[in-house]
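Asker: Sequence first, then the predicted structure, then my questions.
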Amino acid sequence: MRIQHTGAYAPSTGIPSQRARARTRRRGRLLRDLRERGGRGPRALTFAAGDLVVISGLPGSGKSTLMKRAAEGTGIDSQDARERWEARMPRLLPYALYRPLVRLAHYAGLRRALRSGAGVVVHDCGTQSWVRGWLAREARRRGRALHLVLLDVSPDIAREGQRARGRGVSAYAFARHRRAVARLVGAAESGRLPHGCASATLLDRDAADTLRRIGFRAAA
């Protein structure tokens, strides 16, 4: 695996890239660490046409905000499905009662997007490993790669993000998310990417705020 640390501050970064200092462990898999750059990281992450990108992190870490800003037209976010259903439902109806319908709608939309063959950016809560498995199989089927983008923020910052959007998760659910995301970050830092992933990109809040585009190169 090539592990890229700080060193190059290009305005647009293709994945994989040769511009930063790298250490090779296993050919063909890349970890790019964009944390602790003080907002001087790249403004764009660009992937090959038809590749798939998973954005993962704690609830409140900024995944949906990043996708709305940087992945316009290519993003599949479960939050969008939730907001559409909330607009239809009586205001006092608890979300838990129609959560299964929201999830079904989200995965149906994801399936349609994958069938198009186009590059897709997918919201991932970190606890649904079967979703990453599904995306890895789809990437192999279409002869493309799956990439992981991880938002590595502290639990306190994530909780602040939940309060800011007026929507939180239970202490039990948040603990599950913390364990799942910690495993993903720890595995990436040690050079063990999740099965099926060709690359991982680690972002802190500054690096995520700097990004303006997550996209795909035009097909040849």
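Answerer: Noted; the coordinates are in hand.
Asker: show me where this protein has helices.
Answerer: Listed in chain order, the helices of the chain (DSSP state H) span 63-70, 78-88, 95-115, 129-141, 155-165, 171-189, 205-210.
Asker: if we compare those helices, which one ends up closest to residue 29?
Answerer: Closest approach to residue 29 among those (Cβ to Cβ): helix 171-189, 10.4 Å. Every C-beta, even on glycine, is put in place using the N, C-alpha and C of the backbone.
Asker: centre of the chain versus that closest one, how much separation?
Answerer: Centroid separation for helix 171-189 versus its chain: 14 Å, with Cα atoms, centre = their mean, to the nearest Å.
Asker: Give me the mean pLDDT for it.
Answerer: What helix 171-189 shows for mean pLDDT is 91.
Asker: ok, residues contacting it?
Answerer: Helix 171-189 is contacted by residues 31, 33, 56-59, 125-127, 148, 150, 152, 155, 158-159, 168-169, 193-194, 200, 202 when judged by Cβ atoms under 8 Å, 6 or more residues apart in numbering.
Asker: let's see it at 10 Å
Answerer: Here helix 171-189 makes contact (Cβ atoms under 10 Å, 6 or more residues apart in numbering) with 1, 3, 31-33, 35, 54, 56-61, 124-129, 132, 148, 150-153, 155, 158-159, 162, 168-170, 192-194, 197, 199-202.
Asker: Spatially central residue for this protein, please.
Answerer: Most central in the chain under Cα atoms, centre = their mean is residue 55, positioned 0.4 Å from the mean C-alpha point.
Asker: And the nearest residue to it once chain neighbours are set aside, how far from residue 114?
Answerer: Once flanking residues are discounted, residue 55 sits nearest to residue 149: 4.7 Å by Cβ to Cβ, 6 or more residues apart in numbering. Residue 149 sits 18 Å away from residue 114, going by Cβ to Cβ, to the nearest Å.
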